[in-house]
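Colleague: Got a predicted structure here, sequence first:
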Amino acid sequence: MHRSGTSCLTGLLEDVGVYLGEVSKKNPYNLKGNHENSRIMHLHDEVLASNSGSWDNPPQGNVTWSETQKTSLQTILNQYMHHPLWAFKDPRSLFTLAAWQDAVPDLRYLGTFRHPSAVAQSLYRRSKLPADKAYTLWLRYNQRLLELHKTLRFDILCFDLERAAYIQAVGNAFRRLGLDVSDTSLAFFEEHLRNSTIEPIFAEPPREVMATYERLRGAAA
């Protein structure tokens, strides 16, 4: 889900030598950048739109890619394939994943989640998204994350952990992916960039949302 530690996790991947391509390294709502490749993001937006959806209104059911969109994906992939370790990040890929799986059969995955109150508050500050819509969106993304986790069995990281516990969980997940973390302190993560003070208006998410959060905590690495 957006605003859930995805940028931090991807920056940490870069710390241990994973190639990200040309990604954003600074913007108003991510002082270290969102670490997204804009070509991938725009392609995903196009795919969602052609399925009558958007990032804040994901399509119901299976998402299909046109042949032109698949060709665009392959063109992007050609820029990564000569790197032994590469990654991309975009929360939209929870809904657009099928074409990636066809194009890269040995794709590996990492998930991340964050407390719904923190996400809703961050979305309001960035996009003026009302709390009720933010919680609905949080639920859609994270239910999809749990569905994929059930079949693909990848690590999911909780962005709400205290710094030491989070860094330990990230390091363990990276090792399970075969990444060498011996030469890095994973210093990309900076506590002061993670706002954890929740305003009262966002303090009580709906019951179904909190039940899903507890399922995520149970599945977390």
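Modeller: Structure's in. What do you need?

Colleague: R39: neighbour count?
Modeller: 16 (other C-beta atoms under 10 Å). In this view, the C-beta of every residue, glycine as well, is placed from N, C-alpha and C.

Colleague: quick thing: my sequence starts at 11, can you match it?
Modeller: Got it, the first residue is 11 from now on, which makes the last one we talked about R49.

Colleague: That one reaches I86, doesn't it?
Modeller: Yes: in terms of C-beta atoms under 8 Å, R49 counts as a neighbour of I86; the distance is 5.5 Å.

Colleague: Please spell out which residues along stretch 97-104 are buried.
Modeller: By 16 or more other C-beta atoms under 10 Å, the buried positions in stretch 97-104 come out as A97, F98, K99, D100, P101, R102, S103, L104.

Colleague: What segments of the protein are strands?
Modeller: 120-123, 165-168 (DSSP state E).

Colleague: Identify all contacting residues around the last one.
Modeller: Okay, so that is strand 165-168. Contacts with strand 165-168, where a contact means C-beta atoms under 8 Å, 6 or more residues apart in numbering, come from 15, 19, 120-124, 155, 159, 176, 179-180, 182-183, 186-187, 226-227, 229-231.

Colleague: what about 7 Å?
Modeller: 19, 120-123, 155, 159, 179-180, 183, 186, 226-227, 229-231 (C-beta atoms under 7 Å, 6 or more residues apart in numbering).

Colleague: Report the backbone C-alpha coordinates of that strand in PDB.
Modeller: The C-alpha trace of strand 165-168 is given here as PDB (Å, rounded to 0.1, in the frame of the first residue of the first chain):
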ATOM      1  CA  ASP A 165       8.500 -12.000   3.500                       C
ATOM      2  CA  ILE A 166       6.200  -9.200   4.700                       C
ATOM      3  CA  LEU A 167       7.800  -6.400   6.800                       C
ATOM      4  CA  CYS A 168       6.000  -4.300   9.400                       C
END
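
Colleague: Give me the residue ranges of this protein where confidence is low.
Modeller: Segments of the chain classed as low confidence (criterion: pLDDT under 70) are 34-44, 195, 198-206.

Colleague: is it true that D170 touches P126?
Modeller: No: with contact defined as C-beta atoms under 7 Å, D170 does not count as touching P126 (10.4 Å).

Colleague: Give me the more crowded residue out of the two.
Modeller: Remark: of D170 and P126, P126 carries more neighbours, 25 against 19, as counted by other C-beta under 10 Å.

Colleague: doesn't W148 make contact with that one?
Modeller: Yes: between P126 and W148 there is a contact under C-beta under 7 Å: 4.7 Å.

Colleague: what is in contact with the two at once?
Modeller: V219.

Colleague: Spell out, range by range, the helices that occur in the protein.
Modeller: Assigned by DSSP state H, the helices in the chain fall at 16-25, 48-60, 77-87, 103-113, 126-137, 141-162, 173-186, 217-229.
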